[in-house]
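In: quick one, fold the following:
(2 chains)
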Amino acid sequence: GAGVSQTPSNKVTEKGKYVELRCDPISGHTALYWYRQSLGQGPEFLIYFQGTGAADDSGLPNDRFFAVRPEGSVSTLKIQRTERGDSAVYLCASSLNEGRTYEQYFGPGTRLTVT
Amino acid sequence: LAKTTQPISMDSYEGQEVNITCSHNNIATNDYITWYQQFPSQGPRFIIQGYKTKVTNEVASLFIPADRKSSTLSLPRVSLSDTAVYYCLVAPNAGNNRKLIWGLGTSLAVNP
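Out: This next block holds a predicted model:
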C-alpha cells in the first residue's frame, strides 16, 4: 500500500516568508508525528497528533511554528517569518499506536532551505 | 527519557556480521528499546524493538542483557546496501504518545 507522502520534496524560500509543508499519512493511522533533521544530526521531535488534536507540541521551537490536522488525516506544518536556522529536512511519520509497538512509518521528508 | 550512547561510526565488509552496541544506563522499568535505520535522503525505517532477552526478525537480532543497561543490534552477513545510519532509541511505554528522542546514531559503512 501507499506509504507516508510529503510535499513538496524541496522548498526554497527567502528569510521572512511563510511556508506550509504537507504530510499525507498512511490511511487509518491515528497517530502522526513531525520531526526535523539537520545535517549530521538525528531527527528532533516537534509535535504529535492523536486524531485531530495536538497531544504533544512540546518540541515546537517557538510560536512561529504551528501544525494542524483538521480531519485526522492530512497534516500541515506551518512556519511563519522563516529564518535561516529553520533550514532542515522536515520529516513526518504515522503509526497505529497499537499494543506496545514503537514502529513509526516515515515519509521521505521535505528539505526546507531558507536563504 | 533515557539517554543512549552508541559509536559514531563503524566499518565492516560484505558478508560479515555486524554488532552495534548501545548504552542506556538510565533506562526505566517501562522503557522499550527500539532501533531504526536511515539511508541518505530517506526517512528512518523501523528495524526492531525489544524489552528484554533476545528478539529476532527477518532483518536483525536484538540482544538485551538482564540489567537492560545496554543492547546490541546484530546484522547478519551485511551487504553494501546495509550502509546507513543506525539509531538506538529508548522509549517509555507511556500511553499513546510514542514520540521518539533521537541521538546521533552510528554510521555504518560496509565495504566490498
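
In: identify the bridge partners of the residue nearest to the spatial centre of chain A.
Out: For chain A, the residue nearest the mean C-alpha position is A:Trp34 (3.2 Å; CA atoms, centre = their mean). According to DSSP bridges, the partner residues bridging A:Trp34 are A:Ile47, A:Cys92.

In: hmm, it is touching A:Tyr90, no?
Out: Yes: at 6.8 Å, A:Trp34 counts as touching A:Tyr90 under the criterion of CB atoms under 8 Å. The way it works is simple: take the backbone N, C-alpha and C, and place the C-beta from them, glycine included.

In: what sits up against the lowest-mean-pLDDT helix or strand in chain B?
Out: In chain B, the helix or strand scored least confidently by mean pLDDT, DSSP states H and E is strand B:84-92, which has a mean of 92. With contacts defined as CB atoms under 8 Å, 6 or more residues apart in numbering or on different chains, strand B:84-92 is touched by A:42, A:102, B:1-4, B:6, B:20, B:22, B:24, B:27-28, B:30-39, B:44, B:47, B:71, B:73, B:98, B:100-103, B:105-108.

In: ok, that strand: who's next to it in the sheet?
Out: Counting by DSSP bridges, strand B:84-92 is paired with strand B:31-38 (antiparallel), strand B:106-111 (antiparallel).

In: how about these in CSV, adding mean neighbour count and mean pLDDT?
Out: CSV is the format used below for the strands paired with strand B:84-92 (neighbours: other CB atoms under 10 Å in any protein chain shown; pLDDT from 0 to 100):
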stretch, mean neighbour count, mean pLDDT
strand B:31-38, 22, 95
strand B:106-111, 17, 98
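
In: all set, thanks.
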